[in-house]
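Undergrad: Structure, please.
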Amino acid sequence: MIQPPYFGDIAHYTAMAKSDEIYFESADNFQKQTARNRTHIMGANGKLMLNIPLKHSRGGDRQLTRDIRIENNFPWQDLHWKSLCSAYRSSPYFEFFEDDLQPLFIEKQVFLLDFNMKTILLMFDLIKIGNIETFHTDEYTMAPDGSYKDYRYLIQSKKVKFKNEPYQQVFDKLEFLPNLCILDLLFNLGPQTKPYLLKQRSL
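TA: Sure, this is the predicted structure:
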């Protein structure tokens, strides 16, 4: 079981690449400051966060993650795409995947969960992660019965200390940054992304 992140980090995709089936958590309460609506890329000056703005609930009531709407009055898609272009235009494989990714930053998105699932399914296609059965939860379970691994904690990206093996990043004069957005790996390794994920230690 795993939370659907916004262009999840390498820890998320290591877990998913090694799975035969995945239950995506769809019935939890939304929590702020998590990978649900933010991801990290490598910029010229180091780590850079991309954050999706969200509509606030009236009265401050808790909302289910699947009910969270994206705030499109702010040009976040254009800003995120420009940030990706600036950071990765010179990477080995950016141009190879550019046409597949750009529509996600043009078409207006309504619900955060739906958009995150679009990014995940596209990544599965580009990375060539196939033969995985996917499901969505109907109700929230605090403690799973042990019949599957619970990776929902990965959504708390600040608390995850996952050290993936170093690879060549765009700004090689900077210190290697581990566990960045899956796009960092894809743009730098291209077709070697899946073999790389499968070689990482199990979480």
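
Undergrad: Which stretches in the chain count as strands?
TA: Using DSSP state E, the strands of the chain run over 21-24, 38-43, 46-51, 133-136.

Undergrad: For His12, give me its contacts.
TA: His12 makes contact with 2, 5, 35, 151, 154, 182 under the criterion C-beta atoms under 8 Å, 6 or more residues apart in numbering. Glycine gets a C-beta too; all of them are placed from N, C-alpha and C.

Undergrad: and with 7 Å instead?
TA: Under the criterion of C-beta atoms under 7 Å, 6 or more residues apart in numbering, the contact partners of His12 comprise 2, 5, 154.

Undergrad: Look up how far Ile120 lies from it.
TA: As defined by C-beta to C-beta, to the nearest Å, His12 lies at a distance of 9 Å from Ile120.

Undergrad: Please point out which parts of the top helix by length along the chain sit buried.
TA: Taking DSSP state H as the assignment, the helix of the chain that covers the most residues is helix 112-127. Counting neighbours by 16 or more other C-beta atoms under 10 Å, one finds that the buried residues in helix 112-127 are 112-113, 115-117, 119-120, 122-124, 126-127.

Undergrad: Over to stretch 175-188?
TA: For stretch 175-188, the neighbour count (16+ other C-beta under 10 Å) marks 177, 179-188 as buried.

Undergrad: In helices, which of the residues you listed fall?
TA: With helices defined by DSSP H, the entries of the buried residues of stretch 175-188 inside them are 182-188.

Undergrad: Could you dump these into CSV and include pLDDT and distance to Asp20?
TA: As requested, those are arranged in CSV below (pLDDT from 0 to 100; distance: C-beta to C-beta, whole Å):
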residue, pLDDT, distance to Asp20
Ile182, 98, 20
Leu183, 98, 25
Asp184, 98, 26
Leu185, 98, 22
Leu186, 98, 22
Phe187, 98, 27
Asn188, 98, 27
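
Undergrad: wait, which of those is closest to Asp78?
TA: Asp78 lies nearest to Leu183 out of these, by C-beta to C-beta, at 16.7 Å.
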